[in-house]
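Student: Pasting the sequence and the predicted coordinates here, then a few questions.
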Amino acid sequence: MKKYLIVILLVSFLTSFMGCGGVSKKSQHVQTDYIEVVDQKIRELEKEISNLNATTQNLGNRIEDLSQKTTGLDTNYSKIQNALNGLSSKAELKDNAFETILSEAQKNISDLQKKLAEIEKGKTDLQSQLQSLETQKSHLVSSKIEQQAETKKEETKGIVEQGHEMAKEVTGGKKSEEDKKIETIASNHEKEALQKLLDDALILYRDGRYNEAVGKWEEVLVIEPENLEAKFNIEIAKEKIKSLSEK
């Protein structure tokens, strides 16, 4: 609008100037030239104004587009910010949940370790009790076998002595061939019994039944107290039993 006013004022000025020229007796031709010049200027100004209007319109459109984009960016920013806040909250919740699960897992592991220690202690106690019972059993069996062996030995001794007395009465105190046979049979029977006990003890030892094997070797010592094989094997078996109880 300001430019339009300027153009109007310029036209008025030129018209007045041309009027003055008429007064000053300028020719009609000169006035026509001035009018054409003024018209040209007016058209140029109008064109510039039109261009400025178009530019203004374009700028207005661009400003509006930028405003819309800015609004869209603000909206997207808000969405992104909300999403980030949500993710942060979820991450914090997950961290808390993970810490809770980890704490519970560590507690469960600790409880299991305590239970395992109790089980191991119970196992050790049971092994000790079992070892004690096996030892008591071995002693009882050995004592019983020893008593039986002693009884049989006494009975056999009595029978042999009776046989000797009877033989002496018949032969006048001299040993007969029958006496010698009886003594030989008794000696062989004793050797067979000892060997059987030694063999049985060795079988039990190889089967891992060490306490029972010790019992058999102790039976051998009842019959033959100086049997070195039985003594040696008993010591080995006891060391084996001791090493197993310490595991």
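Tutor: The structure has been received and is ready for your questions.
Student: Which pLDDT value goes with Asp200?
Tutor: The model reports Asp200 with a pLDDT of 93.
Student: Which residue comes closest to it once chain neighbours are left out?
Tutor: Lys216 (5.2 Å; C-beta to C-beta, 6 or more residues apart in numbering). Just so you know, the C-beta spots here come from the backbone N, C-alpha and C atoms, and that holds for glycine as well.
Student: can you tell me which residues contact the one you found?
Tutor: With contact set as C-beta atoms under 8 Å, 6 or more residues apart in numbering, Lys216 has these partners: Leu197, Leu198, Asp200, Ala201, Leu204.
Student: Filter those residues down to the buried ones, PyMOL style.
Tutor: Filtering those down to the buried ones (16 or more other C-beta atoms under 10 Å) takes a single PyMOL command:
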select buried, resi 197+198+200+201+204
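Student: Let's have the contacts of Lys216 in JSON lines, adding secondary structure.
Tutor: Formatted as JSON lines, these follow (DSSP: H, G, I helix; E, B strand; the rest coil):
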{"residue": "Leu197", "secondary structure": "helix"}
{"residue": "Leu198", "secondary structure": "helix"}
{"residue": "Asp200", "secondary structure": "helix"}
{"residue": "Ala201", "secondary structure": "helix"}
{"residue": "Leu204", "secondary structure": "helix"}
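Student: could I have stretch 108-124 exported to CSV, CA atoms only?
Tutor: Taking C-alpha atoms only, stretch 108-124 is exported to CSV below (Å, rounded to 0.1, in the frame of the first residue of the first chain):
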residue,chain,number,x,y,z
ASN,A,108,19.0,-70.5,47.0
ILE,A,109,22.6,-71.4,46.1
SER,A,110,23.7,-70.6,49.7
ASP,A,111,20.8,-72.7,51.1
LEU,A,112,21.7,-75.6,48.8
GLN,A,113,25.3,-75.4,49.9
LYS,A,114,24.3,-75.5,53.5
LYS,A,115,22.0,-78.5,52.9
LEU,A,116,24.9,-80.2,50.9
ALA,A,117,27.2,-79.6,53.9
GLU,A,118,24.6,-81.1,56.2
ILE,A,119,24.2,-84.1,53.9
GLU,A,120,28.0,-84.6,53.8
LYS,A,121,28.2,-84.4,57.6
GLY,A,122,25.4,-86.8,57.9
LYS,A,123,27.1,-89.1,55.4
THR,A,124,30.3,-88.9,57.4
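Student: so which strand or helix has Ile119?
Tutor: helix 28-171 (DSSP states H and E).
Student: related to what we said a few turns ago, ok, the contacts of Lys216 vs Lys94, which is closest?
Tutor: Closest approach between the contacts of Lys216 and Lys94, by C-beta to C-beta: Leu204, at 63.7 Å.
Student: Now the closest one: closest residue in space, sequence neighbours ignored.
Tutor: With C-beta to C-beta, 6+ apart, the residue lying closest to Leu204 is Ala213, at 3.9 Å.
Student: Following element in sequence after the host helix or strand of that neighbour, please.
Tutor: For Ala213, the element it lies in under DSSP H and E is helix 210-223. Toward the C-terminus, helix 210-223 is succeeded by helix 228-245 as the next helix or strand (DSSP H and E).
Student: Against which helices or strands is that following helix packed?
Tutor: With contacts defined as 3 or more C-beta pairs under 8 Å, 6 or more residues apart in numbering; DSSP states H and E, the packing partners of helix 228-245 are helix 28-171, helix 177-206, helix 210-223.
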